[in-house]
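S.K.: What follows is a protein structure lacking sequence information:
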């Protein structure tokens, strides 16, 4: 069965995922991003999301069943509880009705606190969510467990356990007379999974826990005996003043082991008849003393197929580093394990933004101490080779930002490096060549549906170098290797390589506007034998605060307009189809209108290669641009082409160099626009 | 349906001409269109002119990319000159300083969120009296705040920007934004978001969000500015059917008004 488990990183959800995976189910584990923490993830296909509304479609498609555990569990925050538990449940029900028409069972993990007399936000919102599940029209099972206990460091039980351990006495709120019907977490997980086998569409509501209630006092003493081998001296504490104190602490956002909700729940809890449910599920609960003995351990039971995210070291805490770091905190199979930068200011900035990872000033020290699974090199290009070598020598796969090298010799050195370490993945950060929407372009070109390519036009424009001072690193050839072509238009050259292969020849004229050592604008002609294309690039064009890449590809019977965000297929004046980055499931996409999808796919491809090496899982090759990493060899081909342009610049690039399109073609219009741009960029 | 025209890339001297052209077009019976401006563009308006923009107009603050570029390229003076008034700049700088002053240790460390607050406070103080349009947080800051669970920052912004106006967010992560706002119990007055023609990835969240009480007063504006010009035109002329929107945000080419600057 394909089962969605929500709240999959929680105390209960995590065990349901583990048990479900052990039983051979295909688990989709929906959980909130864990801020880049490299902690173990639940087994199964992990999908990051956040109730109430941020549930990716891939999590709710083609499901056989849902086990819905997610809820707001702490505090008296009614907004949070209502949003997550009520609105989130409504959204989830709508989503599975829409995307999983064959759903056989919706299991809702409610609570013993969910009853008409409930006063806490937790109990009231669980009660409301139960009503939504009942009214959904889906075959459902509502489970109301008693107090759930088990090993690990999550949930209410862990907080209770820690309090019992730490305190010299056993404080008994309200005398500890509240009835408790505990259930071990794996028993609850097993029960949830057994509900999936209920025949037919019949729905059910099940109360689960020990049939004979014990008092809270007995339960807490059982914790004390299991964890310390002795009972503790009980002290009865009246509930009213404690409630006031806890409420005050919550108002002041002081973390406490118990919440107001817990206290209110204590007062209102009612014994349940659990026998019918246990009989129906044919479930024998673990004997309580034995289960409690195991439950006081900090370590949850071993998981059969552990899901350990890749621990990735970020080398270089600059602007691009922020994009990488943000992605690493939101990507399911990667986690940021450390950041290297020599600038203290950069470290402070990253910390203040919210990145939680150890910082290092020295790459070797970070690699040796952290032993990461992979590294991302986002430093100035002059340092790329040395850093990549340090990583690969230690067997650490690397994703190196572009340009890979700033000289032709530099690309040769990288090719040699790839030869020295053929088994350690090293990808180069031409992320635009991995845009998800390029898949549609490649597919249409390969299909030949609209005839052969007649030519293309491309522009890359930005308002970046807009004055001679200050002299930025991009303007210094020794640091940048060149100007706008290698440092900005390189992305478009890489896209064109991916779509059409390497050009047989290329010519370029280039000129400075504000820089002294490098070109600020360029016009490039690329020859592919059967057709030619023209590229105009500048980073000194007024009015482009945001960089723009645009490519127009003319085929015999249609035209494709490609930019950062979308692809438009046109036939004559008619728009046939539009694909945007948002139409592709690439996981977290930080900026779908710009380079976000490129980074997403680049990280996905890198992670896939690294995981394949770590876990021995083969990567099936794909022709789709978004699923192919840019290797050293491909980056070398792109950069060698650019270095050849630099080696033999043309004083003039005449339109005679490319076949002039007929007046009726779309390219003629684009040429006219490009000519206008060139006039604005005149030296 | 509100049609917002994104004038944020228009040079300072062109803004007044543009606003006049939008007004004239409306006076001549064209469908009303309102501008989306930066704070420094709005700062160039008199209170009366600002009032005339009406409640449908909007600004996005702070003008994050533009300011960052000017500061990175040593053009601080240009930044200060953008709003065209020394008094207003001084007032805005004072407001920004007041945000920073109580947290000197964070200021020394160039704390990202403190700098973000200071920039937003600077821009909010630039807004002329009489401006009653919506004020939205820049998408890069909104989305960072949502990703890092910075409820404090978003709540502060909605409070600071919402004095007598609709305050909201501009975002590229609509589902995440709506989740955070709902969980935090924050009630935006408007929400502009990147909206693909397919509705993929945004439509379910939008439909569900609109039903929720916290978003009852929220105007949802689909940001179409990343689409090619003819697609934006088609969306405007045909009306935007799905997902249901309260307004759309288009590039300046789609203004009913025309100025000579644009046509050039």
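M.R.: Yes, it's here. What you are looking at is a predicted structure, and each value in this text was computed from that prediction instead of being measured.
S.K.: which one is residue B:154 nearest to, not counting chain neighbours?
M.R.: Of all residues not flanking residue B:154 in the chain, residue B:145 sits nearest, at 5.1 Å (Cβ to Cβ, 6 or more residues apart in numbering or on different chains). Using the backbone N, CA and C atoms, a C-beta is placed for each residue, glycine as well.
S.K.: Tell me which residue lies farthest from the centre of chain B.
M.R.: Here the centre of chain B is the reference, and by Cα atoms, centre = their mean the most remote residue is residue B:105, at 30.3 Å.
S.K.: Confirm that residue sits in a helix?
M.R.: Yes: assigned with DSSP: H, G, I helix; E, B strand; the rest coil, residue B:105 falls within a helix.
S.K.: any idea of the pLDDT on whichever residue of chain A sits closest to chain B?
M.R.: As assessed by Cβ to the nearest Cβ, chain B sits closest to residue A:79 within chain A, at 2.9 Å. Note on residue A:79: pLDDT of 91.
S.K.: who touches it in this structure?
M.R.: B:182, B:183, B:184, B:185, B:214 (Cβ atoms under 8 Å, 6 or more residues apart in numbering or on different chains).
S.K.: any chance you could map the helices in chain B?
M.R.: Remark: helices assigned in chain B by DSSP state H are B:12-27, B:39-42, B:47-52, B:64-72, B:76-81, B:86-100, B:104-108, B:112-126, B:139-147, B:151-161, B:174-184, B:203-211, B:229-238, B:260-263.
S.K.: okay if I get those helices as a markdown table plus mean pLDDT?
M.R.: Shown next, in a markdown table, are those (pLDDT from 0 to 100):
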| stretch | mean pLDDT |
| --- | --- |
| helix B:12-27 | 79 |
| helix B:39-42 | 92 |
| helix B:47-52 | 89 |
| helix B:64-72 | 78 |
| helix B:76-81 | 82 |
| helix B:86-100 | 89 |
| helix B:104-108 | 73 |
| helix B:112-126 | 93 |
| helix B:139-147 | 94 |
| helix B:151-161 | 96 |
| helix B:174-184 | 97 |
| helix B:203-211 | 94 |
| helix B:229-238 | 81 |
| helix B:260-263 | 34 |
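S.K.: possible to save the ones you listed as JSON lines with distance to residue A:601?
M.R.: Output for the helices of chain B, formatted as JSON lines (distance: least, Cβ to Cβ, whole Å):
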{"stretch": "helix B:12-27", "distance to residue A:601": "38"}
{"stretch": "helix B:39-42", "distance to residue A:601": "35"}
{"stretch": "helix B:47-52", "distance to residue A:601": "44"}
{"stretch": "helix B:64-72", "distance to residue A:601": "24"}
{"stretch": "helix B:76-81", "distance to residue A:601": "36"}
{"stretch": "helix B:86-100", "distance to residue A:601": "39"}
{"stretch": "helix B:104-108", "distance to residue A:601": "36"}
{"stretch": "helix B:112-126", "distance to residue A:601": "27"}
{"stretch": "helix B:139-147", "distance to residue A:601": "19"}
{"stretch": "helix B:151-161", "distance to residue A:601": "29"}
{"stretch": "helix B:174-184", "distance to residue A:601": "20"}
{"stretch": "helix B:203-211", "distance to residue A:601": "23"}
{"stretch": "helix B:229-238", "distance to residue A:601": "24"}
{"stretch": "helix B:260-263", "distance to residue A:601": "36"}
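S.K.: Of those, which is nearest residue A:255?
M.R.: Nearest to residue A:255, of all the helices of chain B, is helix B:151-161, at 15.8 Å by Cβ to Cβ.
S.K.: How far off centre is that closest one?
M.R.: 15 Å (Cα atoms, centre = their mean, to the nearest Å).
S.K.: That helix to helix B:174-184, inter-axis angle?
M.R.: 90 degrees (axes from the mean of the first three to the mean of the last three Cα atoms, to 10 degrees).
S.K.: what angle separates helix B:151-161 from helix B:139-147?
M.R.: Using the same axes, to 10 degrees: helix B:151-161 against helix B:139-147 is 140 degrees.
S.K.: For chain A, what's its nearest residue on the stretch 101-250 of chain B.
M.R.: residue B:185 (2.9 Å).
S.K.: what residues are up against that residue?
M.R.: A:77, A:78, A:79, A:80, A:83, B:214.
S.K.: With residue A:87 as the reference, measure out to it.
M.R.: To residue A:87, residue B:185 is 12 Å away according to Cβ to Cβ, to the nearest Å.
S.K.: Can you point out the buried residues in the helix or strand of chain A with the lowest mean pLDDT?
M.R.: Counting by mean pLDDT, DSSP states H and E, chain A has its least confident helix or strand at helix A:260-268, which shows a mean of 73. Using 16 or more other Cβ atoms under 10 Å in any protein chain shown as the test for burial, helix A:260-268 gives A:260, A:261, A:262, A:263, A:264, A:265, A:266, A:268.
S.K.: So it, near chain B or not?
M.R.: No: Helix A:260-268 does not reach chain B (Cβ under 8 Å from any Cβ of the partner chain); its nearest approach is 16.0 Å.
S.K.: Tell me the first helix or strand C-terminal of that helix.
M.R.: Once the chain leaves helix A:260-268, the next helix or strand it forms, by DSSP states H and E, is helix A:275-281.
S.K.: What residues does the stretch 51-200 of chain B have near chain A?
M.R.: B:65-66, B:69, B:73-75, B:106, B:109-114, B:140, B:143-144, B:147-148, B:150, B:172-173, B:175-176, B:178-180, B:182-185, B:194, B:196-198, B:200.
S.K.: which SS class is the residue of chain A closest to chain B?
M.R.: helix.
S.K.: What of residue A:569?
M.R.: Strictly by three-state DSSP, residue A:569 counts as strand.
S.K.: cool, residue A:248 as well?
M.R.: Three-state call for residue A:248 (three-state DSSP): helix.
S.K.: any idea how far it lies from residue A:254?
M.R.: 8 Å.
S.K.: again, but for residue A:417
M.R.: Distance from residue A:417 to residue A:254, by Cβ to Cβ: 53 Å.
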